[in-house]
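Peer 1: the following comprises the amino acid sequence and a computationally predicted model.
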Amino acid sequence: MQSQLSHPNGSQVHAGKHVYTEEKIIGDIATVANMIMYISYIGEILQNLNGQPTSFIQPFCASINAALWVAYGWVKPKRDWILIVADVPGVIFGLIAAITAVI
(Lines give C-alpha, C1' and ligand atoms only; values in the text may rest on other atoms or scores of the structure.)
Protein backbone atom coordinates (compact mmCIF):
# COMPACT_ATOMS: atom_id res chain seq x y z
CA MET A 1 0.00 0.00 0.00
CA GLN A 2 1.34 3.33 -0.95
CA SER A 3 0.39 6.51 0.91
CA GLN A 4 -0.15 9.73 -1.01
CA LEU A 5 -0.29 13.28 0.26
CA SER A 6 -2.51 15.78 -1.50
CA HIS A 7 -2.78 19.48 -0.75
CA PRO A 8 -5.79 21.12 -2.51
CA ASN A 9 -8.23 21.07 0.43
CA GLY A 10 -5.70 20.48 3.16
CA SER A 11 -3.43 17.51 3.53
CA GLN A 12 -4.94 14.09 3.13
CA VAL A 13 -3.29 10.74 3.61
CA HIS A 14 -4.70 7.90 1.52
CA ALA A 15 -4.23 4.40 2.84
CA GLY A 16 -6.18 1.90 0.81
CA LYS A 17 -9.85 2.95 0.85
CA HIS A 18 -9.48 5.23 3.89
CA VAL A 19 -8.74 8.95 3.70
CA TYR A 20 -7.27 10.62 6.76
CA THR A 21 -7.30 14.42 6.88
CA GLU A 22 -4.98 16.48 9.06
CA GLU A 23 -8.04 17.52 11.07
CA LYS A 24 -8.99 13.88 11.74
CA ILE A 25 -5.45 12.83 12.66
CA ILE A 26 -4.88 15.78 14.99
CA GLY A 27 -8.37 15.37 16.46
CA ASP A 28 -7.74 11.71 17.24
CA ILE A 29 -4.37 12.44 18.86
CA ALA A 30 -5.86 15.30 20.89
CA THR A 31 -8.74 13.06 22.00
CA VAL A 32 -6.34 10.43 23.33
CA ALA A 33 -4.18 13.07 25.06
CA ASN A 34 -7.25 14.68 26.64
CA MET A 35 -8.54 11.34 27.90
CA ILE A 36 -5.13 10.50 29.41
CA MET A 37 -5.11 13.88 31.16
CA TYR A 38 -8.50 13.21 32.75
CA ILE A 39 -7.77 9.58 33.59
CA SER A 40 -4.70 10.80 35.50
CA TYR A 41 -7.16 11.91 38.21
CA ILE A 42 -7.17 8.28 39.33
CA GLY A 43 -4.01 9.04 41.35
CA GLU A 44 -5.74 11.89 43.17
CA ILE A 45 -8.82 9.77 43.74
CA LEU A 46 -6.70 7.03 45.31
CA GLN A 47 -4.90 9.58 47.52
CA ASN A 48 -8.26 10.96 48.65
CA LEU A 49 -9.58 7.50 49.45
CA ASN A 50 -6.38 6.67 51.37
CA GLY A 51 -6.85 9.62 53.72
CA GLN A 52 -4.54 12.08 51.97
CA PRO A 53 -7.07 14.52 50.55
CA THR A 54 -6.11 16.74 47.65
CA SER A 55 -7.77 20.00 46.66
CA PHE A 56 -11.25 19.64 45.21
CA ILE A 57 -11.24 22.95 43.30
CA GLN A 58 -9.16 22.00 40.24
CA PRO A 59 -10.89 18.68 39.45
CA PHE A 60 -14.30 20.25 40.14
CA CYS A 61 -13.60 23.13 37.74
CA ALA A 62 -12.18 20.66 35.20
CA SER A 63 -15.39 18.61 35.38
CA ILE A 64 -17.51 21.73 34.78
CA ASN A 65 -15.30 22.70 31.85
CA ALA A 66 -15.50 19.19 30.40
CA ALA A 67 -19.29 19.12 30.84
CA LEU A 68 -19.59 22.40 28.94
CA TRP A 69 -17.46 21.02 26.09
CA VAL A 70 -19.57 17.85 26.00
CA ALA A 71 -22.72 19.97 25.83
CA TYR A 72 -21.23 22.13 23.08
CA GLY A 73 -20.25 19.06 21.06
CA TRP A 74 -23.75 17.64 21.55
CA VAL A 75 -25.72 20.75 20.48
CA LYS A 76 -23.71 21.52 17.35
CA PRO A 77 -25.78 20.97 14.19
CA LYS A 78 -23.55 18.00 13.39
CA ARG A 79 -22.58 16.37 16.69
CA ASP A 80 -18.84 16.60 17.36
CA TRP A 81 -18.12 13.09 18.62
CA ILE A 82 -14.38 13.69 18.93
CA LEU A 83 -15.09 16.53 21.36
CA ILE A 84 -17.72 14.57 23.26
CA VAL A 85 -15.62 11.42 23.64
CA ALA A 86 -12.56 13.44 24.65
CA ASP A 87 -14.36 15.24 27.47
CA VAL A 88 -16.71 12.63 28.97
CA PRO A 89 -13.84 11.19 31.08
CA GLY A 90 -13.24 14.71 32.40
CA VAL A 91 -16.78 14.94 33.68
CA ILE A 92 -16.59 11.52 35.32
CA PHE A 93 -13.09 11.52 36.79
CA GLY A 94 -13.16 15.24 37.67
CA LEU A 95 -16.34 14.80 39.69
CA ILE A 96 -15.07 11.64 41.38
CA ALA A 97 -11.81 13.37 42.32
CA ALA A 98 -13.67 16.44 43.64
CA ILE A 99 -16.17 14.38 45.62
CA THR A 100 -13.56 12.08 47.16
CA ALA A 101 -11.52 15.14 48.17
CA VAL A 102 -14.33 16.45 50.38
CA ILE A 103 -15.68 13.22 51.91
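Peer 2: Yep, it's here. Residues are numbered from 1 along each chain as shown.
Peer 1: drop to CA atoms for contacts and neighbour counts, all remaining ones
Peer 2: Noted.
Peer 1: please enumerate residues in contact with stretch 68-85?
Peer 2: With C-alpha atoms under 8 Å, 6 or more residues apart in numbering as the contact definition, stretch 68-85 has outside contacts at G27, D28, T31, D87, V88.
Peer 1: what strand or helix carries the first one?
Peer 2: Okay, so that is G27. Element membership for G27, per DSSP states H and E: helix 22-39.
Peer 1: residue ranges with poor pLDDT in this structure?
Peer 2: 1-16 (pLDDT under 70).
Peer 1: on the three-state scheme, the spatially most central residue of it is what?
Peer 2: Nearest residue to the geometric centre of the chain (C-alpha atoms, centre = their mean): A86, 2.4 Å. Put simply, A86 is helix when judged by DSSP: H, G, I helix; E, B strand; the rest coil.
Peer 1: one step back: now, of the contacts of stretch 68-85, which are buried?
Peer 2: Buried members of those, counted by 16 or more other C-alpha atoms under 10 Å: T31, D87, V88.
Peer 1: please enumerate the strands of the chain.
Peer 2: 4-6, 12-15, 18-21 (DSSP state E).
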